[in-house]
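Engineer: make a model of this:
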Amino acid sequence: MDDRGLTGEEAARRLSRDGPNVLPAATRPRPWLELARQLTHLLALLLWVAAGLALLARMPSLAAAIVVIVVLNGVFAFWQEHRADRSTERLKDLLPAGTRVVRDGAAVVVDVADLVVGDLVVLRAGDRIGADARLVDAHHLTQDESMVTGESRAVPHEAGDLLAAGTFVISGEGRAVVEATGARTSLAGISRLAESATRPRSPLTAQLDRVVRIVAVIAALTGVGLGGIALALGFDLTQAFLFGVGVSVALVPEGLLPTVTLSLARGAQTMADQHALVRRLDAVETLGSTTFICTDKTGTLTQNRMNAVDVVTTAGTVVVEGDGYEPVARLSGDDRALALVAAIARAATACVAGRVVDRDGRWRADGDPMEAALHCLSLRSGLDPGAGDPARRHPYDSERMMSSAVLGDELAVLGAPESVFGVCTSVPETVSAELTRLTGVGRRVLAVAQSRCTDEADEVPHDLELLGLVGLEDPPRVDVGQALQACRDAGIRVAMVTGDHPATAAAIAREVGLLRDGGAVVDGSRLPEDDAELAELLDTAGGAVVARVTPAGKLRIASALRGRGHVVAMTGDGVNDAPALREADVGVAMGASGSDVARESADLILLDDHFGTIVRAIELGRATFANVRRFLTYHLTDNVAELSPFALWAISGGHFPLAITVLQVLALDIGTDMLPALALGAEPPRRGIMTGRAARTIVDRGLLLRAFAVLGPVEAVMSMGAFTWVLVDAGWSWGETPSAGLLAIASGTAFASIALGQMANAFACRSTATPVWRRNPAGNRLVLAAVAFEMLLLAAFLGIPPLADLLGGSWPTPVGWLAAAAGPAGVVAVDGLVKTVRGRARPSGPSAPDVGSRVPARTPPEAARWTTTDAPGGVG
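Structural biologist: Modelled structure (predicted):
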C-alpha cells in the first residue's frame, strides 16, 4: 500500500464510478397508499358499506358519524405505522460525518460520503468506521462491534483484519484501506435484511377480521330476510328496501372500531408507565399472546455493569460486594488475603486504560467496562485514583493474550490465566483450583503477575511472580429470576440469543435460572439447517441458549419458532438485530442502550432495558386481551336484544308490533353502549392472568355461548316481556295494531329495558367467574362513571320530546319503568346463577385460583407483580 494514499484526481474518478458512500434509500410505499390501507382493512370496509347504506336509508347524520369514526382511526393507525417503518433510514446515523484519510501524501478530513475504494483511512480511539476497510497496520487497536455482531466485548484487531462500517475504535490506532462503500458494505447488507423482513399479521387483526366477516354475513342476511318479509306484509318496494337496509346498518357494530383502538391505546399508556413504550398499537394485544421470548443477555438479563467480585490471592480468596461502579464496597476474606488485594488491583489497573468517573453524582465507566471494573477494584481496595497510572503501557496483544505496564521498577502483567501462568515461575495449586471454580460459575477471569524491571529488555514478560486472579461478572438484574419463573408459570418459553461466548452465556443463563436440566446450548455457527429441527431444538421447557449468533441466525430463529406456532417476542439493541425484530411477532428494543435502528424496527421499547419489564408488558397485554373479550361480549349481548324485536315481528307475520326502531338500535350502539364498552377496556388485571398459557382465540365457543345463550337471551326476554306488559296493561290483544301513543310508550319501555340491562351487563362482563354481587363495584371506577352517564343519556333519549320523537319512543309509565327495571335484575340473577354452577364444577385447589378476586393485600408487592387477573390463561 502506498503510504501517500490516493491522489485527489483518482479519488474523484472512483467516486464518479462507484457513487457516494451512502446507504441506499429504502423503498417505502407512498404515504397516501399507506393511509389508504388503514382506511380499507376489513372492519373499515364494513363500516364504509354501513355508511353508504345509511345514506340510502336516508340517515345522513349516521353516515357522517360512521365516516368520522373510520377516518380518525385510520389516520391514527397510519401515523403509528409510518413512524415504525423508517428503521432502515436510521442506519445512516451510524456513519460518521467526516473521516481522516491520506490523499496526495497528506492527512485530510473528508466527508464520509466521499470515501472511495482504495482510500487509506487513519484510525484513532473513538473513531467510527465509515466503510468496510482492511487494516494495513495496527497498534493495540481494539474495536466495539456490538452494534453489528452483537458481541459485547472489545475485539482486538491486527493488520489484515476487516473492519465493518458502523463499528468504532475503542483503543489504539491504525490505518486501513477501504474495500467497500455504500450499498456494498456489510451494514447495507443488514439494511437489506431489515427491509426484506415483513411484519407478521397480529393475532388481534386476524381474529377481528373473523368477527367482522361473521357480523357482515349476519347483518346482510338479516337485512335481506326482514326486507323480504316486509315486502310480503304489504310494504311497498322502497319501504321494504329501506327497512332491510336500516336493520343491516343497525346490526353493524359501529362502536367496535373505536372501542378496540382506545382500549389498545390505554394499554399502551399503562405499559409506558411501566417503562415499556409501545410503538404499534396492535402489539399491545400481541404481547399478551406471546408464547416464546428470545432475549439478549447483556443489559437485559444482566445489569450491563462489569464488576470485580472475586480476588484470588496466594493466601486465599477475597469476595468483593459492591454496587455497580461505586468505589465503596465490602471486602471479606482472610486478613492475609485482604492485605494482598491492593497490590493485585494496582498492577491490574496499570495495564488498562479504562477508568470509572463521577458524573453528576453517579459513578460510570469511561472506556471498556471490564477495564473500568479493574480501576473500581483499586478504589475499593483503598488506593488513590491515580495509583495505577504507569510510566509506559503495552496494550492487550492477541498473540500473547496479555497486556503489561511499567510501574516504577516493576513490570505489571494482566491477561488470560493460561498465558500468564506460562511465564510465571510457579502457580500454587490453590490458585489453579480457584480458577476452575470461577470459570465454572461463569466468571471472566484474569491473571495478574509482576516482575522486576530495570531496562527495556525486562519489559518482555518472563519469570513473573503470580500475584493472583481477578474474577469479574456482569451481575444479573435483581428480580430477573422471579421474572423468568413468572414466564414458566405463564407457559412462556425463553431462550437467550446472544453474540457472546457459549460458556459465558450458558453460565449466566444457569445463574439466573433460564437454563435448567434438559435445556439446550447451541453455537450460532452450528444451527440445524432445517427450520423445523431448529425450532424443536429451542422449544424446550429447560430453556435454551444460542451463542455467537449472526443477524441471519436471529432472523431464522424468529421465523422457525413462528413456523412452529409460537407467538415470538425478540429483543435486540444493535443494528444486527433489526431484521429479526421485524420478523418477530413483537420486536423489543432497548431504550437506554440500543441503537436507533433497533428502536425504530421494534414494536416495544424497554425504557429501562429490563427483562422484567417485558414480563410486565406481557401481563398487561394479557389484561388487554381479556378486556377485548369483555367488551366484545358486551357488544354481542346487545345485538341479541336488538335483533329479537325484529325477529318476533317477522315470525309473527306482523301480528306482534315492532318493539324498537332502527334509530333506537343505533342510539344503543353509538350512544348508551359506547362508554361502558370503553370502560370495560380499562378493567385492571386480576389474579391468575399469568397462570397457564394465554388464550389465543378472542371469539371462542365460551364467549359466543355467554353472549348468545345466556346474557343476550335474558336481555331479549326481559325487554320483550316489558314491552308486552305495557301493551297488555293498556288493553292490547294479539294481532291488534296499538295506537301510536301506546306503541311509543311501550317502545320506550323496551328501549329502557335493553339500556338498563346493558348497564347490568357492564358489571357482569367484568368477570367470567364471579357474580356481580361478589365484586367490588369501585374496582373499576370508569364503569361506574360510564353507567351513570348512560343513565343520563337514557333519560335524554326518552325525556326530551324532539329526541324521543326522532327515535320513536317516549317516557314509560310507572308500570313500564317497573317492568324495565326487571331487566337488569334478570341479567344479574341469571349471570350469577350460571357463574355459581360453573364455579362448583371447576376443580378447586392451588391450580384453580379465586379468579374473581384481586390479589390479596397480604401478597408481597414483588410477588403481586407477577400474580394478577381474572381467569386462568387471561380469558377473564
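
Engineer: alpha carbons only for contacts and neighbour counts from here, please
Structural biologist: Will do.

Engineer: remind me, longest helix of the protein?
Structural biologist: The helix that spans the most residues within the chain, counting by DSSP state H, is helix 611-651.

Engineer: run the chain-centre distance for the helix or strand that that helix is followed by.
Structural biologist: Per DSSP states H and E, the first helix or strand lying C-terminal to helix 611-651 is helix 662-666. Relative to its chain's centre, helix 662-666 lies at 40 Å (Cα atoms, centre = their mean, to the nearest Å).

Engineer: tell me the helix or strand right after helix 662-666.
Structural biologist: That would be, after helix 662-666 and using DSSP H and E, helix 674-680.

Engineer: helices or strands next to that following helix in the packing?
Structural biologist: Counting contacts by 3 or more Cα pairs under 8 Å, 6 or more residues apart in numbering; DSSP states H and E, helix 674-680 packs against helix 256-273, helix 611-651, helix 740-764, helix 781-799.

Engineer: can I get the next helix or strand after that helix in PDB, CA atoms only?
Structural biologist: Scanning forward in sequence from helix 674-680 by DSSP H and E, the next helix or strand is helix 701-705. C-alpha atoms of helix 701-705 as PDB (Å, rounded to 0.1, in the frame of the first residue of the first chain):
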ATOM      1  CA  ARG A 701     -67.300 -21.100  22.000                       C
ATOM      2  CA  GLY A 702     -67.400 -19.900  25.600                       C
ATOM      3  CA  LEU A 703     -67.700 -16.200  24.600                       C
ATOM      4  CA  LEU A 704     -70.400 -17.000  22.000                       C
ATOM      5  CA  LEU A 705     -72.400 -19.100  24.400                       C
END
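
Engineer: what's the angle between the helix or strand immediately after helix 701-705 in the chain and helix 611-651?
Structural biologist: Sequence-wise, the next helix or strand downstream of helix 701-705 (DSSP H and E) is helix 712-729. For helix 712-729 against helix 611-651, the angle by axes from the mean of the first three to the mean of the last three Cα atoms, to 10 degrees is 40 degrees.

Engineer: quick thing: my sequence starts at 520, can you match it?
Structural biologist: All set: I'll call the first residue 520, so the last point we hit is now helix 1231-1248.

Engineer: which elements pack onto helix 1231-1248?
Structural biologist: Helices and strands touching helix 1231-1248, as assessed by 3+ Cα pairs under 8 Å, 6+ apart, comprise helix 1130-1170, helix 1259-1283, helix 1333-1360.

Engineer: ok, back up a step: quick one: the helices and strands packed on helix 1193-1199 as CSV, columns for mean pLDDT and distance to S897 too.
Structural biologist: Formatted as CSV, these follow (pLDDT from 0 to 100; distance: least, Cα to Cα, whole Å):
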stretch, mean pLDDT, distance to S897
helix 775-792, 76, 39
helix 1130-1170, 86, 31
helix 1259-1283, 94, 63
helix 1300-1318, 93, 56
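
Engineer: so what touches stretch 965-985?
Structural biologist: In this structure, residues lying in contact with stretch 965-985 by Cα atoms under 8 Å, 6 or more residues apart in numbering are 863, 866-867, 923, 925, 928-936, 939-940, 942-946, 986-990.

Engineer: and G1260, how far from G1106?
Structural biologist: Remark: distance between G1260 and G1106 (Cα to Cα, to the nearest Å) = 61 Å.

Engineer: quick one, which of these two is more surrounded?
Structural biologist: G1106 (29 against 11; other Cα atoms under 10 Å).

Engineer: is it fair to say G1072 lies in a strand?
Structural biologist: No: G1072: not assigned to a strand; according to DSSP: H, G, I helix; E, B strand; the rest coil it is helix.

Engineer: nearest spatial neighbour of it, skipping sequence neighbours?
Structural biologist: G1043 (6.8 Å; Cα to Cα, 6 or more residues apart in numbering).

Engineer: give me phi/psi at that neighbour?
Structural biologist: Main-chain dihedrals, G1043, degrees, to the nearest 10: phi -60, psi -20.

Engineer: thinking it is in contact with A1071, fair?
Structural biologist: No: in this structure G1043 lies outside contact range of A1071 using Cα atoms under 8 Å: 10.0 Å.

Engineer: neighbour count winner among these two?
Structural biologist: G1043 (21 against 15).

Engineer: the stretch 720-869 of the chain: strands as residue ranges?
Structural biologist: 795-797, 811-814, 826-832, 835-841, 848-851 (DSSP state E, counting those that start in this stretch).

Engineer: neighbours of Q662, how many?
Structural biologist: 22.

Engineer: contacting residues around it?
Structural biologist: Counting by Cα under 8 Å, 6+ apart, Q662 has contacts 673-676, 686-690.

Engineer: what pairs with the spatially most central residue of the chain across the strands?
Structural biologist: When Cα atoms, centre = their mean is applied to the chain, the residue found nearest the centroid is L1123 (3.8 Å). On the basis of DSSP bridges, L1123 is bridged to V797, V1107.
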